[in-house]
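In: starting from these lines, generate the structure:
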Amino acid sequence: MGARPTRCAVSPNASKLKKIMRFLPSVALHGAILLLASVPAKALDPTRQISQYAHTAWRIQDGDFSGSPIVITQAKDGYLWIGTNLGLVRFDGIRFLSWTPPAGKQLLDSRIFSIQGARDGSLWMGTGNSVSHWRNGELSNYPLPRGRMEAMLEGSDGAIWIVRSQVTDRDGPLCRFKGSDVRCYGKADGIPFDWAMQVAEDTWGNIWIGGYYGLTRWRPGSATTYFRKKETKAEGITVVKAMAAGHDGSLWAVIERSGPG
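Out: You can find the predicted model right below:
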């Protein structure tokens, strides 16, 4: 049994969902992941051949990384930061340098599964069992909440939203960090699943949570789940693999389906 990605576009109008869900599986991407926006995007010069573009590849076997790259982000200062299974690496445009924490400090877990360069110039890291914040040469660790921090984003209000899996508490898969305030949201807040893999914010300020067997549009006091475990299991849908918010308030999601590729 293979996994077959399916594209679905979810708009705030829930009545359109079934039509979209039924139509798009006929153009599944067979092993690829593709996110499409509803607005024009800049493209390569169509008069050039692909061979006319230069590219450089950095490979683990060449010694450029001490660990396997997992996630990447660009900070406000322009540096690229790569999270690996053995720690954090910075790329300055020429070389990769392993990040060294300040004296007496260290990450609580070296495995970095999510990373976000914030608008204030700081860097947030979601590890295999904690969250860390690097700002102005200071490292702050958050041992709680626990779990694997699968994805994160900076919201329009400056808060950091994180979704997690392998949750051992009952606080829910969605967590918000703002200043010293940390709060998680779960079933009591309208999020019907225990673990989540993806998070996005649309132009209306809604937080979208992609979990195992579910996709929920959420804001405090309001939640809508577009497909639930019973429905998705019947259709072979297993997990939301990626999400991207459109400029028109819609959301594009890649969902994995079991079945022949």
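
In: residue with max distance from the center of the protein?
Out: In the chain, counting by CA atoms, centre = their mean, residue 47 sits farthest out from the average C-alpha position, at 34.5 Å.

In: show the pLDDT at that residue.
Out: We have a pLDDT of 85 for residue 47.

In: what's around the closest residue in space to residue 167 that isn't next to it in sequence, how many residues?
Out: Leaving aside its chain neighbours, residue 167 sits nearest to residue 147 (4.4 Å; criterion: CB to CB, 6 or more residues apart in numbering). Bear in mind the C-beta positions are built from the backbone N, C-alpha and C, glycine included. Residues lying near residue 147 (other CB atoms under 10 Å) number 27.

In: surely residue 147 is in contact with residue 166?
Out: Yes - the pair residue 147 / residue 166 is scored as a contact, 5.1 Å apart, by CB atoms under 8 Å.

In: what's the mean pLDDT across stretch 67-87?
Out: In this model, stretch 67-87 carries a mean pLDDT of 94.

In: I'd like the distance between residue 221 and residue 190.
Out: For residue 221, the distance to residue 190 equals 8 Å [CB to CB, to the nearest Å].

In: give me the three-state assignment for residue 57.
Out: On the three-state scheme (DSSP: H, G, I helix; E, B strand; the rest coil), residue 57 is labelled coil.

In: what's the neighbour count on it?
Out: 6.

In: which secondary element of the chain has the worst mean pLDDT?
Out: Counting by mean pLDDT, DSSP states H and E, the chain has its least confident helix or strand at helix 17-23, which shows a mean of 33.

In: check what pLDDT the nearest residue to residue 64 once chain neighbours are set aside gets.
Out: Nearest residue to residue 64, sequence neighbours excluded (CB to CB, 6+ apart): residue 58, at 4.1 Å. At residue 58, the predicted lDDT confidence score is 81.

In: quick one: contacts for the residue nearest the centre of the chain?
Out: With distances taken as CA atoms, centre = their mean, the residue of the chain nearest its centroid is residue 151 (3.5 Å). Contacts here follow CB atoms under 8 Å, 6 or more residues apart in numbering; on that basis residue 151 touches 114, 126, 162-163, 196-199.

In: can you put those residues in TSV and add pLDDT and distance to residue 92?
Out: Listed next are the contacts of residue 151 as TSV, based on pLDDT from 0 to 100; distance: CB to CB, whole Å:
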residue	pLDDT	distance to residue 92
114	98	22
126	98	23
162	98	27
163	98	30
196	96	33
197	95	31
198	96	30
199	97	29
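
In: neighbour count, secondary structure and distance to residue 250 for these - can I get that in JSON lines?
Out: What follows is the contacts of residue 151, written out as JSON lines (neighbours: other CB atoms under 10 Å; DSSP: H, G, I helix; E, B strand; the rest coil; distance: CB to CB, whole Å):
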{"residue": "114", "neighbour count": "23", "secondary structure": "strand", "distance to residue 250": "24"}
{"residue": "126", "neighbour count": "29", "secondary structure": "strand", "distance to residue 250": "26"}
{"residue": "162", "neighbour count": "26", "secondary structure": "strand", "distance to residue 250": "23"}
{"residue": "163", "neighbour count": "30", "secondary structure": "strand", "distance to residue 250": "20"}
{"residue": "196", "neighbour count": "29", "secondary structure": "strand", "distance to residue 250": "20"}
{"residue": "197", "neighbour count": "22", "secondary structure": "strand", "distance to residue 250": "20"}
{"residue": "198", "neighbour count": "21", "secondary structure": "strand", "distance to residue 250": "15"}
{"residue": "199", "neighbour count": "26", "secondary structure": "strand", "distance to residue 250": "16"}
